[in-house]
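J.: okay, here's the prediction I keep looking at, along with the sequence it came from:
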Amino acid sequence: MKIFKLLILCFLFIQSHSLCAAQALVSELKIFEPYLGTWQADFPVVGGKPAMQDVSHWERALNGTAVRTLHSINEGMYGGESLIFWDKTKKKVVFFYFTTAGFYTQGTMDVLDDGSFVAYEDVAGNQDGITKVKSTSRFVDGEMEVSTQYLKHGMWTEPEKRRYTRSNKAVKFH
């Protein structure tokens, strides 16, 4: 009976180890593991404007060779979806972002020594004159901090800073 129990424990250990390995991201994307899950940020707004809330969900995709993100602002007023992956030819993290507003971006990410990353995006089809986006993200004390700038009509905007906390809300699209 003891041998049987020992065999079952060994089997369960091996199964749990295999499951964890199957859930992992490839080494080039390990930086994103703390971001997996659902987040929300309440944007600071100027007086008189409606409140803005972004709900973002990050998940492992394509057997761990990619990270998929979904997000929606104000329960579907605007949203988007990204696939982030390691480009073996460019030897860089690259991504594509598609929006409910009908435009998309493509870009690259530089992972910095402190664990943060900077995303550089080229924007195609934005109706507001935005042609590039630069954002810096970092994982600090269990929260995600994001600072974003837009190249709009040839001028960079001031950085917009947001702090995301863990959330149970769902990403919604209309």
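T.: Done, it's in.
J.: and the strands in this structure?
T.: 37-43, 52-61, 66-73, 78-87, 92-99, 104-111, 117-124, 130-140, 143-152, 155-156, 160-166 (DSSP state E).
J.: confirm for me that Ser135 is in contact with Tyr150.
T.: No. With contact defined as Cβ atoms under 8 Å, Ser135 does not reach Tyr150; the gap is 9.4 Å. Any C-beta I mention is one placed from the backbone N, CA and C, and that applies to glycine too.
J.: more neighbours, these two?
T.: Higher neighbour count among Ser135 and Tyr150: Tyr150, with 22 against 19, using other Cβ atoms under 10 Å.
J.: can you pull out the low-pLDDT segments for this protein?
T.: Within the chain, the segments meeting pLDDT under 70 span 1-22.
J.: that older thread, of the strands of the chain, which is nearest Lys172?
T.: Closest to Lys172 of the strands of the chain is strand 66-73 (Cβ to Cβ; 5.1 Å).
J.: could I have the CA atoms of the closest one written out in PDB?
T.: Extracted in PDB, the C-alpha atoms of strand 66-73 (Å, rounded to 0.1, in the frame of the first residue of the first chain):
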ATOM      1  CA  ALA A  66       2.900  34.500 -28.000                       C
ATOM      2  CA  VAL A  67       1.000  36.700 -25.500                       C
ATOM      3  CA  ARG A  68      -2.500  37.800 -26.400                       C
ATOM      4  CA  THR A  69      -3.900  41.000 -24.900                       C
ATOM      5  CA  LEU A  70      -7.500  42.200 -25.100                       C
ATOM      6  CA  HIS A  71      -8.700  45.500 -23.700                       C
ATOM      7  CA  SER A  72     -11.800  47.600 -23.600                       C
ATOM      8  CA  ILE A  73     -12.500  51.100 -22.500                       C
END
